[in-house]
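Undergrad: give me coordinates for this.
(one chain, ligands or ions: 2)
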Amino acid sequence: MTEYKLALVGFGGVNRALAQLIAERNEQWKTELGFTLKIVGVTDLFLGSVIGREGLDANVLAQLPAVKGALAQLPGGDVTALTEAVIKDCGADIIVEATFTNPVDGEPATSFCRWALEGGQHVVTTNKGPIALHGAELKALARRKHVAFEYEGSVMSGTPVIRLARQALAGSSIVGFEGILNGTSNFVLTSMEGGLGFAEAVSKAQELGYAEADPTADVEGHDVRLKVVILANELLDAKLTVSDVTCSGISSLSLGDIEKARQDGARWKLIGSAMRHADGSISASVEPRLLNNDHPLASVGGATNAVSFTSQLLGAVTVSGPGAGRTETAFALLSDIISIHQSIARNQE
Ligand SMILES: NC(=O)c1ccc[n+]([C@@H]2O[C@H](COP(=O)([O-])OP(=O)(O)OC[C@H]3O[C@@H](n4cnc5c(N)ncnc54)[C@H](O)[C@@H]3O)[C@@H](O)[C@H]2O)c1
Ligand SMILES: N[C@@H](CCO)C(=O)O
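TA: Ligands and ions are numbered 1, 2, ... in the order given. Have a look, this model is predicted:
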């Protein structure tokens, strides 16, 4: 039976949910997926770090109290985040990177990915920074080292979008996309439609694990801008940088604006989009748009997201599902590991 050894880098909501899934479902995966997962290292800026080459108890990790230095309570633990040692020395096959998204330079997560790939380890990540800002370099490094660099959870959490478009829509000639690509801002807009104030709705999104460490990125559109760059570069071969995407968020929308839209049979939505034009140029934007209630994206509510791909051969294909959430995003990491497993199995045939 194949067993993959994992090092979890960042142990916040998403990686803790992955540990919980491993604790609950490893046996089931043995028969369903043909592999099991063993956690051999964990590192977190706040919780410290631990290495356990023989395997750490996923259930103990999932139940770990969220107090400073908590990983030091475990055998082999340390109050400090010894991230370089965890990545390079714990014997992991796959590095699971889920630290804060840094929208400015993608660091230190980009360096974590680089260390792992250079060392011949596969990387799966939900972090948008390294992909949006250094994706081409990291993908090239992974190819050179014959390892995988997978990031399905970086756009629309566990809802299949990147692999779906890359594989199932390959050859359909995608020319553009538009979508609701941020769970927090959509949750806030829907909550405001129910009468909740902006600040209260943001706090609720934080409690539910949807928001970034600094939710400004969610409500000002910066998070969607990273996702637009990731999708455009992946699917339109756009070579966009963040500054190519015009960006405005939802923080200026008032309860009055939302009520006025309702009276007019419309809804405000934060839309990220990119389009290839006839001359080959690409335009991309993030902006609040007023959608009539009969628009296909108007009824997408709460932390649900949706993206509509336009292709020459199929017209519009729309995918909808969770856009954020701890367990939903942990599932994206599992889907990346499944993809790695399938690719290894194909290469062995
Ligand atoms: N939560 C979601 O719904 C969701 C969905 C998709 C993508 N993401 C992305 O996944 C990543 C993780 O999300 P989360 O909700 O778990 O965030 P989180 O804030 O709950 O956890 C992040 C953890 O990373 C740790 N960390 C930060 N910098 C570190 C460093 N330099 N070294 C070691 N540890 C470090 C923090 O201490 C924290 O515990 C983020 O990049 C986020 O943008 C989250
Ligand atoms: N904070 C992000 C997480 C998913 O990338 C959101 O709310 O969509």
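
Undergrad: low pLDDT regions in the stretch 151-300 of the chain?
TA: By pLDDT under 70, the stretch 151-300 of the chain contains no weakly predicted segment.

Undergrad: ok, which residues in it are in contact with ligand 1?
TA: 153, 157, 209, 210, 212, 213 (CB under 6 Å from any ligand atom). Placement of C-beta: from N, CA and C, glycine included.

Undergrad: nearest to residue 66 among the residues you listed?
TA: Ranked by distance to residue 66 (CB to CB), these are led by residue 209 at 12.4 Å.

Undergrad: counting neighbours, what do you get for that closest one?
TA: 20 (other CB atoms under 10 Å).

Undergrad: so is residue 54 in a helix, a strand, or just coil?
TA: strand (DSSP: H, G, I helix; E, B strand; the rest coil).

Undergrad: which one is it nearest to, not counting chain neighbours?
TA: residue 40 (7.9 Å; CB to CB, 6 or more residues apart in numbering).

Undergrad: that neighbour - that's part of a strand, no?
TA: Yes - under three-state DSSP, residue 40 sits within a strand.

Undergrad: how about the residues of the stretch 151-300 of the chain next to ligand 1 in TSV, adding secondary structure?
TA: Listed next are those as TSV, based on three-state DSSP:
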residue	secondary structure
153	helix
157	coil
209	coil
210	coil
212	coil
213	coil
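
Undergrad: mind giving me the PyMOL select for the residues you listed, buried ones only?
TA: This is how PyMOL selects the buried members of those, with burial counted by 16 or more other CB atoms under 10 Å:
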select buried, resi 153+157+209+210+212
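
Undergrad: which member of the residues of the stretch 151-300 of the chain next to ligand 1 is positioned nearest residue 84?
TA: residue 213 (21.8 Å).

Undergrad: from what I see, the closest one and residue 100 are in contact.
TA: Yes - the criterion here is CB atoms under 8 Å, and residue 213 meets it with residue 100 at 5.0 Å.

Undergrad: coming back round to it: contacting residues for the residue nearest to residue 54?
TA: Residue 40 makes contact with 5, 6, 7, 51, 52, 53, 54, 55, 56, 90, 91, 92, according to CB atoms under 8 Å, 6 or more residues apart in numbering.

Undergrad: list the buried residues for the longest helix along the chain?
TA: The longest helix of the chain (DSSP state H) is helix 326-348. By 16+ other CB under 10 Å, the buried positions in helix 326-348 come out as 326-341.

Undergrad: show me the contacts for the residue of the stretch 201-349 of the chain found nearest ligand 1.
TA: Per CB to the nearest ligand atom, residue 324 is where the stretch 201-349 of the chain lies closest to ligand 1, at 3.4 Å. Contacts for residue 324 (CB under 8 Å, 6+ apart) come out as 157, 182, 183, 184, 187, 209, 210, 211, 303, 305.

Undergrad: roughly how far apart are the most centrally placed residue in the chain and residue 79?
TA: Centroid-nearest residue in the chain: residue 154, 2.4 Å away (criterion: CA atoms, centre = their mean). Between residue 154 and residue 79 the distance is 30 Å, computed by CB to CB, to the nearest Å.

Undergrad: of all of this structure, which residue lies closest to ligand 1?
TA: residue 12 (1.7 Å).

Undergrad: contacting residues for that residue?
TA: Taking CB under 8 Å, 6+ apart, one finds 44, 98, 99 in contact with residue 12.

Undergrad: against ligand 1, which of those make the cut? List them.
TA: 44, 98, 99.

Undergrad: in the stretch 201-349 of the chain, what residue is nearest ligand 2?
TA: residue 324 (3.9 Å).
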